[in-house]
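*Asks:* mind looking at a prediction? Sequence and model below.
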Amino acid sequence: MRYITVRKMVEDLKLEEINFPENDKKHITTTEINRPGIQIAGFFDYFAYERIQLIGKVEYKYMSTLTSEQRLERLDRLLSYDIPCIIVSRNLPIYDELLIAAEKYQRKILRSNRNTTKLVSKLVNYLETELAPTITMHGVLMDIYGVGVLITGKSGIGKSETGVELIKRGHLLVADDAVEVKKIGQEVLLGYAPEIIRHMMEVRGIGIIDIKSIYGVGAIKISTYIDLVIHLEEWEPDKNYDRLGLDEKYREILGMKISEVVLPIKPARNVALLIEVAARNYRQKEMGYHAAKEFDKRLTNHMMNNNG
């Protein structure tokens, strides 16, 4: 099960720490947030205690209607569960009873200056990214005309050399050799480079080069959504390659189907140029224009007219 620690979340989101329990490295394992208003009202039959507990203005105002003894009783029971932490929004003052219960059960109390709605959105987006299923793939990831293109192929086929040529043409490098891929929600794949090799490329015969230093910050990008996979393979004379593009191919990554183009390469083929064309063609399809289907339609109409 993937998780992050409360400590990492505090550092990444710059949350204010109200107390310092002995164990502030508790694990967060879910992207969902719980607002414990009904628990503060005394109902604990259904309590998602494994989630981050968020106290907003509504919960805070309700607690102000309770006596000190009632607040202590409700908060003591709330914090007796093994919750990851409590976050208070809007920089609201912290009730003494909350600090007493937190000290008793060694629970972490945090605070943010964001309003509750924005804080929930920030937390969910952060947790979905951090807890997303992740794999490492071999290839080169680039942003080409705004399309996230993952170039794959066996070692030595020329992926990195093609990447350098694409950078010279004004496109952006995201990752070379090792591409970290995260599934964000159920809709997108996010690709980025491991920090240790970020901005670096390996070119056989030359070695490791720093793209940021050689070509400038305008040649790199930290991450991109993966829209298209282009698989490079050596040309096989006896193999039947798709010449029209009517048959859609897909690569399954983390359970998602991503459009794939198999590109046979041989001497005299300008691979970088072909990848640019593939990226442009993908964008056209996304905008509703499919050149292969348009050609098929014209051909059908031509044949029908001639037969008529």
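*Replies:* Done, it's in.
*Asks:* find the nearest non-adjacent residue to Val120, please.
*Replies:* Ile33 (5.6 Å; C-beta to C-beta, 6 or more residues apart in numbering). No exception for glycine: its C-beta is placed from N, CA and C like everyone else's.
*Asks:* phi and psi next, for that neighbour.
*Replies:* The phi and psi values for Ile33, taken as degrees, to the nearest 10, are phi -110, psi 140.
*Asks:* kindly report the same for Ile208.
*Replies:* phi -80, psi 130.
*Asks:* now swap in Tyr282 and tell me
*Replies:* phi -60, psi -40.
*Asks:* not counting sequence-adjacent ones, nearest residue to it?
*Replies:* Leu228 (4.9 Å).
*Asks:* any idea how many residues pack against the one you found?
*Replies:* Residues near Leu228, counting by other C-beta atoms under 10 Å, number 23.
*Asks:* quick one on the thing from earlier: show me what contacts the residue nearest to Val120?
*Replies:* Counting by C-beta atoms under 8 Å, 6 or more residues apart in numbering, Ile33 touches Arg51, Ile52, Leu54, Val120, Leu123, Val124.
*Asks:* top of these by number of neighbours, please.
*Replies:* Of the contacts of Ile33, with other C-beta under 10 Å as the count, Ile52 tops at 24 neighbours.
*Asks:* from Arg111, how far off is that one?
*Replies:* Plainly put, Ile52 is 13 Å away from Arg111 if you go by C-beta to C-beta, to the nearest Å.
*Asks:* so where's the longest strand in the protein?
*Replies:* strand 172-184 (DSSP state E).
*Asks:* just the strands in the stretch 151-300 of the chain please.
*Replies:* 172-184, 188-192, 200-203, 207-210, 223-225, 228-234, 249-253, 256-265 (DSSP state E, counting those that start in this stretch).
*Asks:* now do the helices in this structure.
*Replies:* 6-13, 37-40, 57-64, 68-80, 96-105, 116-130, 159-168, 211-215, 271-286, 291-307 (DSSP state H).
*Asks:* any idea which of the ones you listed gets closest to Val181?
*Replies:* Each of the helices of the chain has some distance to Val181 by C-beta to C-beta; the shortest is helix 116-130, at 12.5 Å.
*Asks:* what about the nearest residue to Gly56 once chain neighbours are set aside, distance to Tyr126?
*Replies:* Of all residues not flanking Gly56 in the chain, Thr116 sits nearest, at 3.4 Å (C-beta to C-beta, 6+ apart). For Thr116, the distance to Tyr126 equals 16 Å [C-beta to C-beta].
*Asks:* neighbour count winner among these two?
*Replies:* Per other C-beta under 10 Å, whichever of Thr116 and Tyr126 has more neighbours is Thr116, with 22 against 15.
*Asks:* thinking that one is in contact with Ile87, fair?
*Replies:* No. Thr116 is not in contact with Ile87 according to C-beta atoms under 8 Å; the separation is 9.8 Å.
*Asks:* which neighbours do those two share?
*Replies:* Shared contacts of Thr116 and Ile87, defined by C-beta under 8 Å, 6+ apart, are found at Leu54.
*Asks:* what's stretch 215-222 in contact with?
*Replies:* Under C-beta under 8 Å, 6+ apart, the answer for stretch 215-222 is Asp143, Ile167, Lys168, Leu172, Leu173, Val174, Tyr192, Arg198, His199, Ile211, Lys212.
*Asks:* the fourth one touches Gly146, doesn't it?
*Replies:* Meaning Leu172. No. Contact criterion C-beta under 8 Å: Leu172 and Gly146 do not qualify, at 9.7 Å.
*Asks:* of those two, who's got more company?
*Replies:* Ranked by neighbour count (other C-beta under 10 Å), Leu172 and Gly146 place Leu172 first, with 20 against 12.
*Asks:* beta partners for the more buried one?
*Replies:* Asp143 (DSSP bridges).
*Asks:* return the residues in contact with it.
*Replies:* Going by C-beta under 8 Å, 6+ apart, the list of residues near Leu172 reads Met142, Asp143, Ile144, Gly218, Ala219, Ile220, Lys221, Thr224.
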